[in-house]
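Novice: fold the following, please.
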Amino acid sequence: MLNTFINAFKVKDLRKKILYTLMLLVIYRLGCTIPIPGIDVEVWKGLIQNLTLFDFLDMLSGSAISQFTLFAMGISPYITASIILQLLTIAIPALERMSKEEDGRQKIEKITRYVGIGLALVQSFSIIITYGSQIVTSDPKWWTYATIIITSAGGTAFLMWLGERITEKGIGNGISMLIFASIISRVPKFLIGLFQGLIVGTQVWQFFLALALIVALITFVVHIDKAVRKIPVQYAKRVVGRKLYGGQNTHLPLKANANGVLPLIFAMTIMQFPTMIFQFFPNSGAGKWYENNMSANANLPIIYYVVFFLLIIGFGYFYSSITFNPAEMSKNLQQNGGFIPGIRPGKPTGEYLGKVSNRLTLYGSLFLAIIAIVPTVVLNQLNITSMFGATSVLIMVNVALETTEALESQMLMRHYKGFLN
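Specialist: Purely as a prediction, here's the structure:
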């Protein structure tokens, strides 16, 4: 991976893209340190200390929400908006037709941005309504509250713009890179906490067990992410004019975890979304029941983990159904004279590809669910902070591998371009 970045930095175009991406990430991290005027940060930290919703949001925002800075709302409203629009695309035929057209996809993306800004407004409004009287230190007038709400939502809008710029002119997926930068920013604090705990009395075996678990986790994630099911494909010979085409053997690669970390992020967002809604009703019995039973900090979090497990599996199949179309792939193979040995072209090929895809989706989803739940439970039993837990490792490793693959593909494209010229 390091060699890939070193080699990419030697290419002028890629060097510009890498530096451009780094510059935008630096701007993002600077924005995470600019406080919104009029907020008593210490009081705010005390209020959200034991709330799991803000632990999740703090991870995605790079500790910005715990400091109530310019980017306090983070990029999570945009992620929630993406989930809502993708669900509506399945449920509403007009949106489904729109998603299959180039102009339609651009319109859906624009709607997603507006919904994301709207959710950021709702989220910041709910925080101010619930805690405003305790955390706002300046003149508590309505325009003071309005300024804080609009500033917070504006920070989310700016982050969406940064993510789009990274995707278009930088390296990798912009939204994933912002989340990656948020988690990476918390790693030094986690490592310092581990060493301090070792000095002040944490048992040595707990310290080394935590490090071994993290190394094993990274190794396991890389191994699964690189796993590919190769389906053999043969192309029949055909004569076009005076030339003979086809007759070659190749394979169709299907990744074991083609969905990446998205099902996990979607499941986490859905689990925390009701908590955000219940903020409007701080004294409601339903809100207290949800916080006491449907959170990782509950006395008996078995319900939380079961629902979380099922959501990851469900979103894995949901996202796979959106990104992989066996019937269309079968049609493309047939049109190009390709076939899978032992499988008839057409509908049987589509059914076979669908069956293989479903098995791989189940395998990848189970991997995500187990890797997100089991290490977290183990770390909690050891009384070790989950700041650098399984979910964080999973997101970081996936984004790092995707970025490396993007750099490798761009270098390969430039290599072939130079060869042909």
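
Novice: can you name the secondary structure element that comes next after the helix or strand hosting I148?
Specialist: Element membership of I148, judged by DSSP states H and E, is helix 142-169. The C-terminal neighbour of helix 142-169 among helices and strands, as given by DSSP H and E, is helix 174-184.

Novice: what's next to that following helix, contact-wise?
Specialist: Around helix 174-184, the neighbours that count as contacts under C-beta atoms under 8 Å, 6 or more residues apart in numbering are 21, 25, 28-29, 32, 59-64, 74-75, 78-79, 159, 162-168, 170-171, 265, 392, 395-396, 398-400, 402-403. C-beta here means a position set from N, CA and C on the backbone, and glycine is covered the same way.

Novice: average pLDDT across that helix?
Specialist: Helix 174-184 shows a mean pLDDT of 86.

Novice: just stretch 109-124 next, same as before
Specialist: Summarised as a single mean, pLDDT over stretch 109-124 is 89.

Novice: next, G338: phi, psi?
Specialist: phi -100, psi 150 (degrees, to the nearest 10).

Novice: again, but for F339
Specialist: When read as degrees, to the nearest 10, the backbone of F339 gives phi -150, psi 160.

Novice: neighbours around it, how many?
Specialist: Using other C-beta atoms under 10 Å as the criterion, F339 is surrounded by 19 other residues.

Novice: shouldn't N336 be in contact with Q234?
Specialist: No - using C-beta atoms under 8 Å, N336 is not in contact with Q234; the gap is 11.4 Å.

Novice: rewinding a little: on contacts alone, who are the packing partners of the helix holding I148?
Specialist: Counting by 3 or more C-beta pairs under 8 Å, 6 or more residues apart in numbering; DSSP states H and E, the packing neighbours recorded for helix 142-169 are helix 12-31, helix 76-91, helix 102-135, helix 174-184.

Novice: ok, and the closest non-adjacent residue to A327?
Specialist: G350 (4.4 Å; C-beta to C-beta, 6 or more residues apart in numbering).

Novice: check which helix or strand that neighbour maps to.
Specialist: Secondary structure (DSSP H and E) places G350 in helix 347-381.

Novice: list the buried residues of the following helix or strand past that helix.
Specialist: Counting by DSSP H and E, the next helix or strand C-terminal to helix 347-381 is helix 390-420. When burial is assessed from 16 or more other C-beta atoms under 10 Å, helix 390-420 yields the following buried residues: 390-404, 406-407, 410-411.

Novice: and stretch 352-361, by the same measure?
Specialist: Using 16+ other C-beta under 10 Å, the residues of stretch 352-361 that count as buried are 352-354, 356-357, 360-361.

Novice: and for it, what's in contact with it?
Specialist: The set of residues external to stretch 352-361 that reach it, using C-beta under 8 Å, 6+ apart, is 229, 231, 252, 254-256, 258-259, 316-317, 320, 324, 326-327, 329-330, 340, 343.

Novice: stretch 161-172 now?
Specialist: Under the contact criterion C-beta under 8 Å, 6+ apart, stretch 161-172 has outside partners 14, 17-18, 20-21, 24-25, 27-28, 75, 78, 173-175, 177-178, 399, 402-403, 406-407.
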